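Chemist: here's a sequence, model it:
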Amino acid sequence: MLKNQNIICFSSIDWDFIWQGHQEIMSTLAQSHNRVLFIENTGVRRVVLSDLPRLLKRIANWRKGVGGIRREQKNLYVYSPIVLPFPYSRFTRWINSVVISRNIKRWMRTMDFDEPIAWVFLPTGTVLSVLRKMPIKLLLYYCIDDFSKSSKFARRIVRTEKELLKKADIVFVTSEQLYQKSKKYNKNVFSFPFGVNLENFKPSVSESMGRPEELVNLKDPIIGYIGGIHRWIDQELIKETARRHPDSNFVFVGPIQTDIKELSQERNIFFLGQKPREKLPQYVHYFSVCLIPYQITPYTENVYPTKLNEYLALGKPVLSTPLPEIISFNQANGNVIKIAKTAEEFSRQLGRIIHDGADNMDEIRQRIETAVKNGWSNKIEKMSDYIEKYLNQKLEQQEAHWRENLFSLRHKTRKKFIRTAMAVLGSYFLVFHTPFFWWLAEPLRRSDPIVHADVIIVLGGGVGESGLAGEGYQERVQRGMELYFQGYGDKILFSSGYRYSFQEVEVMKALAVELGIPRGKILLEKRPINTYDHIVYAKETLQKNGYDSAIIVSSPYHMGRVNAVSQKILSGYKVSLAPVENSIFFGKRSSVKLRHIRAILHEYLALLYYAYKGYL
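Modeler: Numbers count the residues shown, from 1 in each chain. Below you'll find the model as predicted:
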């Protein structure tokens with residue numbers, strides 16, 4: 001038996017759903033000193049209204065744990081993830097995989113849970129995405145259903161299941177058809193139909209439990225079924241058989257998963273609901289005949305009913321529809337099961353079994369011996385052998401080829417370094433020694449033909465393109481004064497809310513007065529602290545003074561943002577843009593410096609932020 005391993009199980013059912021192979025295998029492995037994280041079903045189809053109780057149950061289970069993870073038993077933890085219910089959307093799959101993998105990795109670090117074996121029952125894109133984000137020592141896919149045929153929504157699972165089959169180190173299957181399908185993509189495929197817990201389904205144990213209360217008032221014979229009451233059950237077959245056997249009582253033990261309105265109206269058909277797994281033998285013990293009444297569909301052609309060996313373990317006669325796996329099982333085990341193809345034949349076979357009785361000791365012994373061969377302990381032991389064999393082979397290969405593996409790793413590392421270095425050098429040359437950078441920056445430049453305006457608005461530099469206080473405003477002031485002396489404006493407005501040793505706008509005014517602009521022609525706006533403020537407060541000045549036109553002066557690559565904000569705020573005004581010519585900061589455009597990159601990057605990020613804020 002596998003021991004001292006870390007195992008992550010991606011289940012196709014929830015932990016507290018009907019007890020099946022998922023729980024049995026993981027529980028057994030946990031009892032054998034392996035640590036298990038059982039991840040509940042993350043979905044193969046879209047959620048519908050009928051799923052609401054299950055969703056509420058998932059939320060309740062999530063709240064039981066820490067981040068959805070709870071300890072169920074020694075060495076076994078259950079994760080109930082809350083996921084977006086659109087399993088085939090790339091966006092939601094990405095979100096789900098990120099959330100799930102982060103929670104798993106956080107738990108793994110807490111538990112020192114390194115290099116786990118990934119045991120997958122659910123071949124969805126979400127599961128594959130999570131697997132890509134974690135280091136695993138072995139990938140095992142247990143193919144128990146043809147999910148693509150379970151519903152129209154699940155057909156899209158075909159692609160991801162093929163990918164999983166190709167990537168898996170080992171594949172287990174439960175039916176011949178699944179075996180043949182899996183063999184097309186993986187050579188390590190082994191057949192393991194679901195088994196039975198022989199300790200739980202033991203005749204002596206079931207007999208000692210006594211007759212269940214719900215069966216006390218029901219006369220024999222009782223024709224029974226255990227398991228989910230799902231849409232694959234042939235309800236017409238059951239109804240017709242029950243009517244042909246009015247003196248028999250038909251009992252169904254399990255959760256209701258489909259509409260049973262018509263069957264519920266029959267006086268001799270009873271639905272008892274889901275029962276704890278340890279009490280199921282108590283009910284089966286009092287069944288005269290056990291049923292597997294499934295429809296024959298593309299989906300059920302791949303089904304191996306778990307309940308089959310549970311019935312046989314208690315020595316009960318079994319009547320089934322002709323599922324391919326039941327037929328194969330029968331051929332391999334001396335026709336221990338009765339099979340009927342039509343409703344008429346099903347009813348006739350049932351009558352014969354009831355008439356002959358179920359007390360033939362040879363037949364009872366044959367049934368129990370058949371079940372013993374399919375006990376879970378034997379199956380899990382054999383599964384463990386395959387896993388350990390693979391792990392040992394992997395270790396032997398690593399030891400035998402350590403030199404080649406090391407050389408290969410060094411070679412890959414060297415290639416990666418060279419590629420990275422070439423990419424860095426190429427990027428450096430492209431940015432600093434070609435016109436590429438200025439081509440990227442060009443959309444930020446804006447200028448208009450200059451015409452006479454009521455006021456020339458000069459925006460203060462603040463920290464400017466250089467990122468240093470006090471730099472940038474001088475050349476803007478100079479450009480504004482040039483336009484004023486050339487007669488393009490009657491007034492000049494200096495706009496800045498920045499303060500260093502002195503208020504920047506006062507310094508701009510002093511410089512302009514020193515160079516010959518009359519004080520009465522100068523307006524000051526001391527409130528703005530960013531580009532958006534500049535334009536908003538400029539609008540107030542235009543409105544206050546009755547101006548309808550303006551020239552705005554700023555640095556060349558700031559004009560893109562000024563233009564975008566002005567188009568929204570000053571849409572009713574005549575606005576011309578007059579950037580600084582021959583900016584000292586940018587110098588010759590053939591030479592790119594880090595400060596240029598920082599300034600241009602700042603402008604693009606600012607545009608994105610302004611768009612997010614709704615300023616544009």
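Chemist: what residue lies at the spatial centre of the protein?
Modeler: Closest residue to the average C-alpha location of the chain: residue 96 at 2.7 Å, with CA atoms, centre = their mean.
Chemist: residues touching that one, list them.
Modeler: Residues counted as contacts of residue 96 (CB atoms under 8 Å, 6 or more residues apart in numbering) are 42, 81, 83, 84, 126, 129. Bear in mind the C-beta positions are built from the backbone N, C-alpha and C, glycine included.
Chemist: assign the third one to helix, strand or coil.
Modeler: In three-state terms, and counting by DSSP: H, G, I helix; E, B strand; the rest coil, residue 83 is coil.
Chemist: since we're on it, how many residues are nearby?
Modeler: 20 (other CB atoms under 10 Å).
Chemist: could you pull up phi and psi at it?
Modeler: Dihedral angles phi and psi of residue 83 (degrees, to the nearest 10) take the values phi -130, psi 160.
Chemist: and it, what is it in contact with?
Modeler: The neighbours of residue 83, taking CB under 8 Å, 6+ apart as the test, are 42, 43, 92, 96, 99, 100, 126.
Chemist: please indicate which of the residues you listed are buried?
Modeler: 42, 43, 96, 99, 100, 126 (16 or more other CB atoms under 10 Å).
Chemist: so which strand or helix has the residue nearest to the centre of the chain?
Modeler: According to DSSP states H and E, residue 96 maps onto helix 90-111.
Chemist: same question for residue 595.
Modeler: Counting by DSSP H and E, residue 595 is part of helix 594-613.
Chemist: returning to what we had before: ok, so of the buried ones among the contacts of residue 83, who is nearest residue 270?
Modeler: residue 43 (32.2 Å; CB to CB).
Chemist: surely that closest one touches residue 147?
Modeler: No - in this structure, residue 43 is not within contact of residue 147 by CB atoms under 8 Å, at 11.0 Å.
Chemist: flag the least confident of the contacts of residue 96.
Modeler: By pLDDT, residue 84 ranks lowest within the contacts of residue 96, coming in at 83.
Chemist: and that one, how far from residue 63?
Modeler: To residue 63, residue 84 is 18 Å away according to CB to CB, to the nearest Å.
Chemist: so between the two, which is more surrounded?
Modeler: Neighbours per residue, other CB under 10 Å: of residue 84 and residue 63, the larger number sits with residue 84, 17 against 11.
Chemist: so what's that one up against?
Modeler: Taking CB under 8 Å, 6+ apart, one finds 92, 95, 96 in contact with residue 84.
Chemist: OK, contacts around residue 23?
Modeler: With contacts defined as CB under 8 Å, 6+ apart, the neighbours of residue 23 are 15, 38.
Chemist: go with 10 Å
Modeler: Contacts for residue 23 were tallied using CB atoms under 10 Å, 6 or more residues apart in numbering; they are 9, 11, 13, 14, 15, 16, 17, 38, 72, 76, 78, 277.
Chemist: got a winner among these for most neighbours?
Modeler: residue 9 (27 neighbours).
Chemist: parallel or antiparallel, list what pairs with the helix or strand that contains that one.
Modeler: Element membership of residue 9, judged by DSSP H and E, is strand 6-10. Using DSSP bridges, strand 6-10 pairs in its sheet with strand 35-39 (parallel), strand 117-120 (parallel).
Chemist: now that strand against helix 90-111, angle please.
Modeler: 160 degrees (axes from the mean of the first three to the mean of the last three CA atoms, to 10 degrees).
Chemist: now do the buried residues in strand 6-10.
Modeler: Quick answer for strand 6-10 (16+ other CB under 10 Å): 6, 7, 8, 9, 10.
Chemist: thinking again about what came up before, tell me the one of the contacts of residue 84 nearest residue 293?
Modeler: Residue 293 lies nearest to residue 96 out of the contacts of residue 84, by CB to CB, at 36.6 Å.
Chemist: leaving out sequence neighbours, find the closest residue to the closest one.
Modeler: With CB to CB, 6 or more residues apart in numbering as the criterion, residue 96 has its nearest non-adjacent residue at 4.4 Å, and that residue is residue 83.
Chemist: quick one on the thing from earlier: can you redo the buried residues of strand 6-10 as CSV with distance to residue 428 and pLDDT?
Modeler: CSV is the format used below for the buried residues of strand 6-10 (distance: CB to CB, whole Å; pLDDT from 0 to 100):
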residue, distance to residue 428, pLDDT
6, 45, 96
7, 48, 96
8, 43, 97
9, 49, 97
10, 45, 96
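Chemist: ok, so of the residues you listed, who is nearest residue 114?
Modeler: The closest of the buried residues of strand 6-10, once distances to residue 114 are taken by CB to CB, is residue 6, at 6.6 Å.
Chemist: wait, the closest one touches residue 116, no?
Modeler: Yes - counting by CB atoms under 10 Å, residue 6 touches residue 116, with 4.0 Å between them.
Chemist: any shared contact partners between those two?
Modeler: Common contacts of residue 6 and residue 116 (CB under 10 Å, 6+ apart): 34, 35, 36, 37, 108, 136, 137.
Chemist: ok, and the most crowded of the residues you listed?
Modeler: When neighbours are counted by other CB under 10 Å, residue 36 leads the shared contacts of residue 6 and residue 116 with 26 neighbours.
Chemist: give me the distance from the longest helix along the chain to the chain's centre.
Modeler: Identified as the longest helix of the chain according to DSSP state H is helix 402-432. Here the centre of helix 402-432 is set off from its chain's centre by 32 Å, with CA atoms, centre = their mean, to the nearest Å.
Chemist: now the element after that helix, going C-ward?
Modeler: Helix 402-432 is succeeded, C-terminally, by helix 436-441 (DSSP H and E).
Chemist: buried residues in that next one?
Modeler: Neighbour-count burial for helix 436-441 flags 437, 441 (criterion: 16+ other CB under 10 Å).
Chemist: so what secondary structure elements neighbour the next helix or strand after that helix?
Modeler: Sequence order places strand 453-459 as the next helix or strand after helix 436-441, per DSSP H and E. Secondary-structure packing of strand 453-459 (3 or more CB pairs under 10 Å, 6 or more residues apart in numbering; DSSP states H and E): helix 473-485, strand 489-495, helix 504-514, strand 522-525, helix 531-545, strand 549-553, helix 559-569, strand 574-577.
Chemist: hey, C-alpha coordinates of strand 453-459 in PDB?
Modeler: The C-alpha trace of strand 453-459 is given here as PDB (Å, rounded to 0.1, in the frame of the first residue of the first chain):
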ATOM      1  CA  ALA A 453      -6.600  84.700 -28.300                       C
ATOM      2  CA  ASP A 454      -8.000  86.500 -25.300                       C
ATOM      3  CA  VAL A 455      -5.500  85.000 -23.000                       C
ATOM      4  CA  ILE A 456      -2.300  82.900 -23.100                       C
ATOM      5  CA  ILE A 457      -2.400  80.200 -20.400                       C
ATOM      6  CA  VAL A 458       1.100  79.000 -19.200                       C
ATOM      7  CA  LEU A 459       1.000  75.800 -17.100                       C
END
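Chemist: picking up where we left off before, mind checking the pLDDT average for the helix holding residue 595?
Modeler: Averaging pLDDT along helix 594-613 gives 90.
Chemist: same question, stretch 554-573
Modeler: What stretch 554-573 shows for mean pLDDT is 92.
Chemist: nice, that's everything, thank you.
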